[in-house]
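> kindly generate the corresponding structure for this input.
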Amino acid sequence: SRPKRNRSLASQVRDRLRPWQEFQRRLRNRRRTWPKRTYFLANYRHRFGAWQGGEIVGKTVLRQSGEVSVQVPQAQFPLSLRLRSSDFFVYGQVLVEREYELPLCRDPRTIIDAGANIGLASIHFAQRYPQSRILAIESEPWTFDLMRRNVAPYPQVVPIHAALWDQVKTLNLFGSTRDSAAVRTVETTPFAAGKHDLGSVPTVTIPQLHQDHGFEQVDLLKIDIEGAERTVFGSAESWIDQVGVIMIETHDRFEPGCTLEFAAATTGFPVSWREGEHLVAARRDMVRELPTSLRNLPTEPEIGRAHV
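Got it, this is the predicted structure:
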């Protein structure tokens, strides 16, 4: 009986120590992530000013949700961004670092922004090319509503609630959170822990956009559609010749083969290179002479097809 009592006592000691061990584990995790969090919080004050940045930092530290309206020098009109989301990171990429700046030799007249998110890329294009017409396509309803409000002061931007696809149909939305930048469109909702069915959305095709909006040429096609690009470029023969420049972020981690499908569909584009996270394919009459540092960068190591 004595060994039994000893085991019971040891179990009680372990139970009493468990909260303390959990506290130590969380403290170690905070120490590992705090430098990164401090960097982003410091960036808020630098990018949004002392007053706006301080408000954002305070709400972030207090773990508040909702939206904030910010006035920034990179946009002519105030922007609405969601707290505790990827919106601030996307703002830095698109409007501060200007990741969609391209060496075009003429201003594009028609731009399709597929996967417009909250509209920051469309706003960049509207300010950079004020005479262009921009079709901003976003599938997730809450994100589309925010995008519609952000682009409202820019009359050349047309918000479209749809998902770009290879045929007209209805798709399911699938993701981890409703304000995630990585909500995906799928034909059947897969089961995965922590994921949610976010409803359905109609699709739109490039030929349908040609017909509905009365244009023949797409000068600039920007695509960030979380893996759906494999389906879109899998049957692009009917419209690919009417596109001047394509800038795309491929998502092989979601749909293996996205990059290869894009490369196969754009073999007729004589100029191609990698621009940060993006692959760019262009007609020769759309881009000016590229810097030496950008020449002959293959879009896929196995293909090695880049030419200038």
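
> not counting stretch 74-93 itself, show me its contacts.
With contacts defined as C-beta atoms under 8 Å, 6 or more residues apart in numbering, stretch 74-93 is touched by 40, 43-44, 47, 56, 59-60, 63-72, 95-96, 99, 117-118, 120, 123, 127, 146, 149-150, 153-154, 179-181. Placement of C-beta: from N, CA and C, glycine included.

> so where do the helices sit in this structure?
Assigned by DSSP state H, the chain shows helices spanning 2-61, 87-91, 120-128, 141-151, 206-213, 229-234, 258-265.

> lowest-confidence stretch among these?
When those are compared by mean pLDDT, helix 2-61 comes last with a mean of 67.

> just checking, Ala236 touches Ala264?
No - counting by C-beta atoms under 8 Å, Ala236 stays clear of Ala264, with 9.3 Å between them.

> neighbour-wise, which of the two wins?
Using other C-beta atoms under 10 Å, the more surrounded residue of Ala236 and Ala264 is Ala236, with 19 against 14.

> for the more buried one, list the residues it contacts.
Ile206, Ala265.

> check the spacing between Gly66 and Arg84 real quick.
Counting by C-beta to C-beta, to the nearest Å, the gap from Gly66 to Arg84 is 9 Å.

> neighbour count winner among those two?
Higher neighbour count among Gly66 and Arg84: Arg84, with 14 against 8, using other C-beta under 10 Å.

> quick check: pLDDT value at that one.
For Arg84, the model assigns a pLDDT of 83.

> for it, grab phi and psi.
phi 50, psi 40 (degrees, to the nearest 10).

> start the count at 54, not 1, going forward
Yep, numbering from 54; the last one is Arg137 now.

> ok, so what distance separates it from Leu226?
Per C-beta to C-beta, Arg137 is found 21 Å from Leu226.

> how about Asp265?
Distance from Asp265 to Leu226, by C-beta to C-beta: 22 Å.

> between these two, who's got more neighbours?
Leu226 (20 against 11).
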